[in-house]
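In: sequence plus the predicted model coming up.
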Amino acid sequence: MSGEHGPLGAGGPPEEVHRRPVRAYVITRGRSQPTRNTFRPETLLIATDPDRRLPPAATVEQRRFLEICRGLLSLSEAAEALRLPISVAAVVASDLVDAGHLTIRSTPPSSASDPTLLRALLDGLRQL
Amino acid sequence: MVSASSDVPSAPRRPDYVDSAVTQSAKLLVAGSFGVGKTTFISSVSEIRPLCAEAPMTTLSIGTDRLDGLENKRTTTVAMDFGRITLTPQGFSPIVLYLFGTPGQQRFWNVWEGYGLASGAAGALVLVDTRRLEDSFEVLDQLETRAPDLPIAVAVNVFPDSPQHPLETVHRKLDLLPHTPITSCVATRRDSSIDALITLVEHALDRSLEGGAS
């Protein structure tokens, strides 16, 4: 009745087109690099305000990405949940951060050799 | 234009979210050759079922090996497993520690370097199998070349039929730097795997206190 769109099974080629997975460069609108290089696989992300709506022009991937980031997740976990390669996920996330819809929660990775962090890791591991 | 929103192959799985009190993440690499036990190791310590991260590999990143004759194959993916542990150190807000299983061959690095895999890592634990030590040479070599500042520790993954070599012998055979620690572990056992991670982080802390990089 309603809900279905397109001539399902009517013409052959259109259905074929719809079934084909969208190519990565379509999802990222032709870009291969995120607008910022602060994204790492372990970067923690969360929707800035889960109730704030994306503009109508937002892509399907941006909507899905924001939806999955209602809770705190790393970039690699969000990518895995959405079955996106990490490179594509970084571009989508970067756009969402630029537009204020997504927030980077974790501190930058420059502190990897910071003794304070390493002591905290050590203490945390010893408590397991 | 492309409005294929009703053609979603399957709905995204609801992920296991990170504790909302966490404000910092850290990562360690678990490096090692194929079949050395990286996924087992990660599974034994991870609080989530190990997940798989994928990165596309184009012909640009393909070396001269193995893929000869596959020129028509434009892209493939290079994947790695990862896991997660939430740590609650005293006097510190909770930290989520990610472990990334790193195969360590050259073409793996060619792909993943661009995504900041080694950058920001606190260290790399290299798993080795004494039944085929030579498989670890490329992994160690790649780590030393690609991430010379990254602290590394070696853990011999003990399999039931592993020959019993003293760790000093393995250290020498692998031609490790004098300060590189070596330990043994049973990757199927959580406590044993955690001990190996502790060895690595202790070493990373020592290095950091000695005067930072280099």
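Out: The structure has been received and is ready for your questions.
In: going forward, measure contacts between C-alpha atoms and count neighbours the same way
Out: Will do.
In: which stretches of chain B form strands?
Out: B:24-31, B:51-58, B:75-87, B:95-102, B:121-128, B:152-157, B:182-185 (DSSP state E).
In: got the buried residues for the longest one?
Out: Using 16 or more other C-alpha atoms under 10 Å in any protein chain shown as the test for burial, strand B:75-87 gives B:78, B:79, B:80, B:81, B:82, B:83, B:84, B:85, B:86, B:87.
In: closest one of these to chain A?
Out: residue B:87 (4.8 Å; C-alpha to the nearest C-alpha).
In: residue contacts, that closest one?
Out: A:121, A:124, A:125, A:128, B:94, B:95, B:96, B:97 (C-alpha atoms under 8 Å, 6 or more residues apart in numbering or on different chains).
In: for residue B:97, same thing?
Out: Applying C-alpha under 8 Å, 6+ apart, the residues near residue B:97 are B:25, B:26, B:27, B:28, B:84, B:85, B:86, B:87.
In: for chain B, what are the low-confidence residue spans?
Out: Filtered on pLDDT under 70, chain B yields the residue ranges B:1-13, B:58-77, B:212-214.
In: so for it, the centremost residue is which one?
Out: In chain B, the centroid-proximal residue (C-alpha atoms, centre = their mean) is residue B:30; its distance is 2.5 Å.
In: would you confirm that that residue contacts residue B:36?
Out: No: with contact defined as C-alpha atoms under 8 Å, residue B:30 does not count as touching residue B:36 (10.6 Å).
In: near the closest residue to residue B:19 other than its chain neighbours, how many other residues are there?
Out: Nearest non-adjacent residue to residue B:19, counting by C-alpha to C-alpha, 6 or more residues apart in numbering or on different chains: residue A:72, 7.2 Å away. Residues lying near residue A:72 (other C-alpha atoms under 10 Å in any protein chain shown) number 25.
In: if I look at residue A:72, how far off is residue B:33?
Out: Going from residue A:72 to residue B:33 by C-alpha to C-alpha, to the nearest Å gives 32 Å.
In: what number of residues lie near residue 112?
Out: I went with chain A, as the question did not name one. Neighbours of residue A:112 using other C-alpha under 10 Å come to 22.
In: oops, wrong one, chain B.
Out: Residue B:112: 22 neighbours (other C-alpha under 10 Å).
In: so the residue lying closest to it once chain neighbours are set aside bridges to which residues?
Out: Spatial nearest neighbour of residue B:112, excluding adjacent residues (C-alpha to C-alpha, 6+ apart): residue B:55 at 7.1 Å. Taking DSSP bridges as the rule, residue B:55 bridges to residue B:78.
In: from residue A:76, how far off is residue B:55?
Out: From residue B:55 over to residue A:76 the distance is 10 Å, taken as C-alpha to C-alpha.
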